[in-house]
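[1] Quick check, what structure comes out for this input:
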Amino acid sequence: MELNTSDILEYAENHSDDEPIILQKLRRETWQKVLVPRMLSGHLQGRLLSLISKMIQPKNILEIGTYTGYSTLCLAEGLAENGTIHTIDKNEELVDFQKKYFKMAKLDHKIIQYTGNALDIIPNINSNYDLVFIDADKTNYSNYFDLIINQVTKGGIILSDNVLWNGKVTKKVEKNDRDTQSLIDYNLKLKEDKRIENLLLPIRDGITISRKL
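    Predicted structure coming up:
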C-alpha cells in the first residue's frame, strides 16, 4: 500500500504539532517571492528537524544550505541555552530575506550566516558539531560528509536531505544525471561507513539520520 499520498501527508501534518506562525509567514513569502519554493523544508519535515534538535539540545549546529531559513529556524528551536547554528548558503540574494526572519524569531544572536562555497567555508569554522544538516548541491554530498565527519561529536547526528530524489535513486540513471548518481553513491557511502549508524526515512523527499558512533 502506498502511504505517501497527499491525503496521508495532510493527515500526518494535521496530527503533528502545528507549524509555528513565523514559519507559516516565511513559507508563504518564500512561495510568493523566491525561485524554486519547493526547496523549502515545510511543515512535516520542519517539525521533525525541530524535534530531533530538541532531543539532542545541541551546543553547535552546522547547516549546509540555508535557502530562505525555514530549516535553520526549525533546527535553532532545540539549541542549548548558549548554542550556535552556523548556516551556509551560496546565494547572496537570499541573505536579507534570511536575516529578516531570524530577527523576527529573535534567534539572530544564535545564528551565524556564511555566504559562499561551503567546501571553502567549512574548513575555516573552528567548531565541533552535535548536529549537522546537509541540504545543498547533491553532487557534493559526499564531499560535505568527508569534511564534517571528524568534527561531529560522539553520538552527534548528521541529517541528509533529499536522499530519495523524487524516487530517481531507485531507477536506472539517465545519462549525465550527476545529481541522481551522486545521491546513489552517497547513500551507499553512508550505509558502508562503520563510523555511523543510519536510518533512511521516506519522509517528503527522503531524509537519512546518521548517528556518529
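
[2] And the pLDDT at residue 191?
    Looking at residue 191, its pLDDT reads 98.

[3] Correct me if wrong: it contacts residue 208.
    No. Using CB atoms under 8 Å, residue 191 is not in contact with residue 208, being 9.3 Å away. All C-beta atoms are positioned from the backbone trio N, CA, C, and that covers glycine.

[4] Quickly list what's touching both of those two.
    Shared contacts of residue 191 and residue 208, defined by CB atoms under 8 Å, 6 or more residues apart in numbering, comprise residue 198.

[5] more neighbours, those two?
    Neighbours were counted for residue 191 and for residue 208 using other CB atoms under 10 Å; residue 208 has more, 21 against 12.

[6] For whichever strand or helix holds that one, name the packing helices and strands.
    Element membership for residue 208 (DSSP states H and E) is strand 207-212. The helices and strands touching strand 207-212, judged by 3 or more CB pairs under 8 Å, 6 or more residues apart in numbering; DSSP states H and E, are helix 43-56, strand 152-161, helix 178-192, strand 196-201.

[7] residues contacting residue 34?
    68, 94, 97.

[8] If you rank those by neighbours, which is first?
    That'd be residue 68 among the contacts of residue 34, by other CB under 10 Å, with 25 neighbours.

[9] And the closest residue to residue 211 other than its chain neighbours, how far from residue 72?
    Excluding the flanking residues, the one nearest residue 211 by CB to CB, 6 or more residues apart in numbering is residue 197, at 5.1 Å. Separation of residue 197 from residue 72 (CB to CB, to the nearest Å) stands at 26 Å.

[10] and these two? which has more neighbours close in?
    residue 72 (28 against 12).

[11] secondary structure class for the closest residue to that one other than its chain neighbours?
    The shortest distance from residue 72 to any non-neighbouring residue, by CB to CB, 6+ apart, is to residue 87 (5.0 Å). Secondary structure for residue 87, judged by DSSP: H, G, I helix; E, B strand; the rest coil, is strand.
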